[in-house]
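# Sequence isn't available, so here's the structure alone:
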């Protein structure tokens, strides 16, 4: 509520929107109800700021808006993991369309350097001209390993010559 108080004190309009939904529907709906009750108590204390708060939260328990941004992404399997970039973009795109009558959000665009170098997830980005061997091993470490091997070979040949 402190953040809402800060933004409304500056005269900024605050939009309350449901976030992504997890498999625990009860806690998700409980958070929505709690948020709305906190905002209503805040507005009752400061009615002059009521017009600055726009409530786009889920209206009733069990009633779901198909245009909501979270509905486009679906239910997250694990709330502790990060969302994929594509899911994030989908969420934002639907959030834009959901809030379009009230405000205009910018379209997400990839930065020019990312748009050209974009690869599928999981691929290794190899530097140009590299052979593709021994990733993650620096040159110093490789050189030391070669020197140790050379020293072992020398020591072995010296012992063989002694016999």
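Sure thing, it's come through. All figures in this text were calculated on a predicted structure; none of them were measured in a lab.
# hey, which helix or strand in this structure has the poorest pLDDT?
helix 112-117 (a mean of 61; mean pLDDT, DSSP states H and E).
# After that helix, which helix or strand is next?
helix 139-162 (DSSP states H and E).
# Where does the prediction get shaky in the chain?
Within the chain, the segments meeting pLDDT under 70 span 111-136.
# let's see it at 80
Filtered on pLDDT under 80, the chain yields the residue ranges 21-26, 28, 58-79, 109-137, 163.
# Can you tell me the closest non-neighbouring residue to residue 33?
With CB to CB, 6 or more residues apart in numbering as the criterion, residue 33 has its nearest non-adjacent residue at 7.4 Å, and that residue is residue 61. For the C-beta atoms, the positions are set from N, CA and C on the backbone; glycine is no exception.
# number of nearby residues for residue 99?
Applying other CB atoms under 10 Å, we find 16 residues neighbouring residue 99.
# show me the contacts for it.
15, 17, 56, 105 (CB atoms under 8 Å, 6 or more residues apart in numbering).
# One more: residue 8?
Counting by CB under 8 Å, 6+ apart, residue 8 makes contact with 14, 46, 49, 52, 53.
# right, and the pair among those with maximum separation?
Spatially, the most separated pair among those is 14 and 46, at 12.6 Å (CB to CB).
# Going by how many neighbours each has, rank these two and give me the top one.
Ranked by neighbour count (other CB under 10 Å), residue 14 and residue 46 place residue 14 first, with 16 against 12.
# Can you list phi and psi of the more buried one for me?
Backbone torsions of residue 14, given as degrees, to the nearest 10, read phi -110, psi 130.
# Residue 79 is in contact with residue 22, correct?
Yes: between residue 22 and residue 79 there is a contact under CB atoms under 8 Å: 4.3 Å.
# neighbour count winner among the two?
Neighbours per residue, other CB under 10 Å: of residue 22 and residue 79, the larger number sits with residue 22, 15 against 12.
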